[in-house]
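> any chance you can model this:
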Amino acid sequence: MSSTLWSNDELRRYLMADRGFFADTSTLENLHDDFRTAARAQLAPIVQRRLLETAGVTTDPDGIAYLAFELLDNHGHWSSKRNWMIMSDDPWAYLTDWVARRARKAYASSVKVTGPDDRALAGIAAASTRLGITE
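Modelled structure (predicted):
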């Protein structure tokens with residue numbers, strides 16, 4: 001599985017192999033590196049495009065690949081999301097959507113700044129007839 005582009009079956013094999021059965025950690029690290037390379041090539045461009053369209057932000061493809069790895073690694077090797085990905089007819093699409101949603105949520109929560117006066121100010125702006133306030 002060292003090629004840059006993985007098929008759906010290769011992704012499924014990675015998900016099964018990464019369930020913690022390796023005695024040799026270097027083999028597992030190589031698999032993780034190969035996965036991040038494949039994720040960078042296959043899902044990062046799609047996630048980047050979605051984030052640019054929906055949030056207007058640019059992102060790093062390596063960062064997206066690491067997020068995909070972390071989602072899989074931290075979500076548990078026997079989790080329902082991971083199990084569904086194995087059974088899904090398009091595990092790459094499922095993973096891409098999961099990563100895009102998580103990245104969008106992370107961005108939204110990191111830039112959201114609200115104060116106690118936000119609701120009151122919005123009400124004042126909505127009720128105002130002054131052009132400079134409502135525009």
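
> middle-most residue in the chain, spatially?
Central residue of the chain (C-alpha atoms, centre = their mean): Val99, 1.8 Å from the mean position.

> quick check: closest non-adjacent residue to that one.
Ala68 (4.9 Å; C-beta to C-beta, 6 or more residues apart in numbering). All C-beta spots, glycine's among them, are computed from the backbone N, C-alpha and C.

> from memory the one you found sits against Ala39, does it?
Yes - assessed by C-beta atoms under 8 Å, Ala68 is found in contact with Ala39 at 4.4 Å.

> which neighbours do these two share?
Shared contacts of Ala68 and Ala39, defined by C-beta atoms under 8 Å, 6 or more residues apart in numbering, are found at Leu95.

> related to what we said a few turns ago, which ones are touching the residue nearest to Val99?
Taking C-beta under 8 Å, 6+ apart, one finds Phe35, Arg36, Ala39, Leu43, Leu95, Val99 in contact with Ala68.

> could I get those residues as JSON lines with secondary structure, pLDDT and distance to Trp84?
Below are these laid out as JSON lines (DSSP: H, G, I helix; E, B strand; the rest coil; pLDDT from 0 to 100; distance: C-beta to C-beta, whole Å):
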{"residue": "Phe35", "secondary structure": "helix", "pLDDT": "94", "distance to Trp84": "18"}
{"residue": "Arg36", "secondary structure": "helix", "pLDDT": "96", "distance to Trp84": "22"}
{"residue": "Ala39", "secondary structure": "helix", "pLDDT": "97", "distance to Trp84": "18"}
{"residue": "Leu43", "secondary structure": "coil", "pLDDT": "96", "distance to Trp84": "16"}
{"residue": "Leu95", "secondary structure": "helix", "pLDDT": "96", "distance to Trp84": "10"}
{"residue": "Val99", "secondary structure": "helix", "pLDDT": "96", "distance to Trp84": "15"}
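
> ok, back up a step: check contacts around the residue nearest to the centre of the chain.
With the criterion set at C-beta under 8 Å, 6+ apart, Val99 makes contact with Leu43, Val47, Ile64, Leu67, Ala68, Leu71.

> understood, closing this out.
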